[in-house]
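Visitor: Would you be able to build a 3D model of this:
(one chain, ligands or ions: 2)
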Amino acid sequence: LLPILRFPDPRLKKLARPVVEIDDGIRKLAADMAETMYEAPGIGLAATQVDVHLRVVVIDISEEKNQLLVFVNPSLSRCEGEQIGEEGCLSVPGIYDKVERAERVTIHYLDLDGKQRTMDADGLLAVCIQHEIDHLNGIVFVDHLSQLKQGRIKSKLAKQARVTA
Ligand SMILES: O=C(O)C[C@@H](Cc1ccccc1)[C@H](O)SCc1ccccc1
Ligand SMILES: [Zn+2]
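Guide: Ligands and ions are numbered 1, 2, ... in the order given. Okay, the predicted model is just below:
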């Protein structure tokens, strides 16, 4: 299992670098990220969240937890429509708030065989993909909220940290 960075850790703001070659190291990273995601539990995880600043994302929104998607160097095209959904984040435990996302996206990425692929997504998968790509760009969903809400969240998490410490 990989330790997940907690907001407002400054390493969550780092920009992840593209993967140059998909080797066994990247395949092991994806496997470790998937294990960490399933155990959390979560439906998505970006390498940034486990302090690896490479553009790798794992997602599984299936009920049976048996449809793992791995996106290397993901990018979006054709962002259409709007949807507002309640979001949480494994790096911001206990905080949930509404975030506006595109309803439909086309994602371009490399699979673990290094093959260039394209996928259309909508609904929860589109939301998750946008949430994870934000992480690779150093953006946490809290950054989309008002300064007032961000202040409240920081103090709430600081209090939680004191209690658990
Ligand atoms: O921190 C992460 O990146 C995992 C996120 C991914 C996510 C956030 C909002 C909406 C969709 C996906 C989640 O914390 S995973 C936990 C979760 C589980 C079911 C539904 C929503 C969030
Ligand atoms: Zn997140």
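
Visitor: Taking the centroid of the protein, which residue is nearest it?
Guide: Compute the mean C-alpha point of the chain, and by CA atoms, centre = their mean the closest residue is residue 132, 2.6 Å away.

Visitor: Surely that one touches residue 55?
Guide: No. The pair residue 132 / residue 55 is not scored as a contact, 10.0 Å apart, by CB atoms under 8 Å. From N, CA and C alone the C-beta is placed, and that goes for glycine too.

Visitor: Find the residues that touch each one of those two.
Guide: Residues touching both residue 132 and residue 55 (CB atoms under 8 Å, 6 or more residues apart in numbering) are residue 74.

Visitor: Then residue 29 would be within a strand, right?
Guide: No. Residue 29: not assigned to a strand; according to DSSP: H, G, I helix; E, B strand; the rest coil it is helix.

Visitor: quick one, phi/psi of the residue nearest to the centre of the chain?
Guide: Main-chain dihedrals, residue 132, degrees, to the nearest 10: phi -70, psi -40.

Visitor: In stretch 105-122, which residues are buried?
Guide: By neighbour count on 16 or more other CB atoms under 10 Å, the buried set for stretch 105-122 is 105, 107, 109-110, 121.

Visitor: quick one: contacts for the residue nearest to the centre of the chain?
Guide: The neighbours of residue 132, taking CB under 8 Å, 6+ apart as the test, are 44-46, 57, 59, 71, 74.

Visitor: out of these, which are inside strands?
Guide: Judged by DSSP state E, the subset of the contacts of residue 132 located in strands is 44-46, 57, 59, 71, 74.

Visitor: Of the residues you listed, just the buried ones, PyMOL syntax please.
Guide: Typed into PyMOL, the line below selects the buried ones among the ones in strands among the contacts of residue 132, using 16+ other CB under 10 Å:
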select buried, resi 44+45+46+57+59+71+74
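
Visitor: and which of the ones in strands among the contacts of residue 132 is nearest residue 115?
Guide: residue 71 (12.1 Å; CB to CB).

Visitor: Leaving out chain neighbours, which residue sits closest to the closest one?
Guide: Among residues not flanking residue 71 along the chain, residue 109 sits closest, at 4.1 Å (CB to CB, 6 or more residues apart in numbering).
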